[in-house]
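Participant: Need a 3D model of the following:
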Amino acid sequence: MGLFTTYLLTAFAAIFWGANFNLAKPVVAEMHPYVAGATRYLMAAAIMLVITQLRGESVPLRHLRVYVILGLMGVFGFNLFFFLGMQSTSAANGALIMAINPLLTSLLAYVFLQQQPSYRQIIGFPIGVIGVGIVVLGAGAHVQVESGDWLIFAANLSWAFYTVFARKLMPKDTSGIASTTGIMTAGALALTAVALISGERFVIPSWHAGSALLLMTVGGGVLAYLFWNASIAKLGAAQAAIFLNLVPVASMTIAAFEGMPPTQTQLIGGGLVIGAVTFASLPVRSKAVRST
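Facilitator: All right, here's what the predicted structure looks like:
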């Protein structure tokens, strides 16, 4: 897979996740967060198991420990806190909090992988975060720490750990499809266990909430995880995380299609985000060494 294709897939993953903030609102209005998270990933895991079987592969049990660890971080932890947080915070606040993920990921990558950020990443990080702040604040968001904000931050931290440890632990002798299936299955079972223990009922949502949940499952679940896992294997944890600056931009764009067009401030902030992502993603050219 070429570098341009990798960048494109990483961007698509971020856009799908940006849409999740908008799609989650009708879902949590009808379903308890435990049930919503469990339902979403039971469906996603089922889709991945079918894809894996069609490819003539299976999920190797020898990597069960790795799949459980990554499933608890990237599926269980993230989705549990995400759906709980979206009950009491806005999509704009959630997107803003998620935008600091590159900083968290870069810090964890340095601590656990000794992965030094490039000078482009160092410059791009603050510019991207400033752009995200302009986008969200321009939409009229009130940046205040509520319970939902803390829960979204916990989801953000879970995802940063997943991004770093996926790079460190992902099996090299197994395809990304099979590994993603194992991770999703482990996370889905954990979410289901919590939903059942809580005593919350699994319900059939309305067409509106059900279609939103399906889009979250296929786009923000199956496709995004496949694209993201392929991206961090190619780019590394810190560089891939820069693309998460596109998450709030995608969320604001969707809001525009819903009848809330972006303001001039939002366009300026979005331009900063996209510019920072582009700049940070450009490869650093090494100077040619001339022989004497």
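Participant: can you give me the helices for the stretch 101-250 of the chain?
Facilitator: Secondary structure of the stretch 101-250 of the chain by DSSP state H, counting those that start in this stretch: the helices cover 101-113, 119-138, 147-169, 176-198, 207-217, 224-235, 237-242, 246-257.
Participant: hey, which of those helices is tucked in deepest?
Facilitator: helix 237-242 (a mean of 27; mean count of other Cβ atoms under 10 Å). To be clear about C-beta, it is placed using only N, CA and C from the backbone, and glycine gets the same treatment.
Participant: Confirm for me that Thr185 is in contact with Ala46.
Facilitator: No: using Cβ atoms under 8 Å, Thr185 is not in contact with Ala46, being 9.0 Å away.
Participant: Now render the helices of the stretch 101-250 of the chain as TSV, adding mean pLDDT.
Facilitator: Listed next are these as TSV, based on pLDDT from 0 to 100:
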stretch	mean pLDDT
helix 101-113	79
helix 119-138	74
helix 147-169	86
helix 176-198	93
helix 207-217	94
helix 224-235	81
helix 237-242	70
helix 246-257	81
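Participant: Pull out the buried residues from the longest helix anywhere in the chain.
Facilitator: Taking DSSP state H as the criterion, the chain has its longest helix at helix 3-30. Within helix 3-30, the residues scored as buried using 16 or more other Cβ atoms under 10 Å are 6-7, 9-24, 26-28, 30.
Participant: rewinding a little: the helices of the stretch 101-250 of the chain: which one's closest to Ser90?
Facilitator: Ranking these by proximity to Ser90 (Cβ to Cβ) places helix 147-169 first, at 8.3 Å.
Participant: wait, doesn't Ala160 sit right on Ile100?
Facilitator: No: Ala160 sits out of contact with Ile100 when judged by Cβ under 8 Å, with a separation of 9.2 Å.
Participant: what's around Gln53, how many residues?
Facilitator: 11 (other Cβ atoms under 10 Å).
Participant: From the contact counts, what lies against the helix or strand where it lies?
Facilitator: Assigned by DSSP states H and E, Gln53 belongs to helix 33-54. In terms of contacts (3 or more Cβ pairs under 8 Å, 6 or more residues apart in numbering; DSSP states H and E), helix 33-54 is packed against helix 3-30, helix 78-86, helix 176-198, helix 207-217.
Participant: Between those helices, which one is closest to Val111.
Facilitator: The minimum distance between Val111 and the helices and strands packed on helix 33-54 falls on helix 78-86, with 19.6 Å, by Cβ to Cβ.
Participant: pLDDT on the helix or strand just after that closest one, on average?
Facilitator: Downstream of helix 78-86, the first helix or strand assigned by DSSP H and E is helix 91-98. Helix 91-98 shows a mean pLDDT of 75.
Participant: Mind listing what's buried along helix 91-98?
Facilitator: Buried residues in helix 91-98 (16+ other Cβ under 10 Å): Ala91, Ala92, Asn93, Gly94, Ala95, Leu96, Ile97, Met98.
Participant: And it, what does it pack against?
Facilitator: helix 3-30, helix 78-86, helix 119-138, helix 147-169, helix 246-257.
Participant: Any idea how far it is from the middle of the chain?
Facilitator: 12 Å (Cα atoms, centre = their mean, to the nearest Å).
Participant: Leaving aside the residues adjacent along the chain, what's closest to Tyr67?
Facilitator: Of all residues not flanking Tyr67 in the chain, Gly182 sits nearest, at 3.6 Å (Cβ to Cβ, 6 or more residues apart in numbering).
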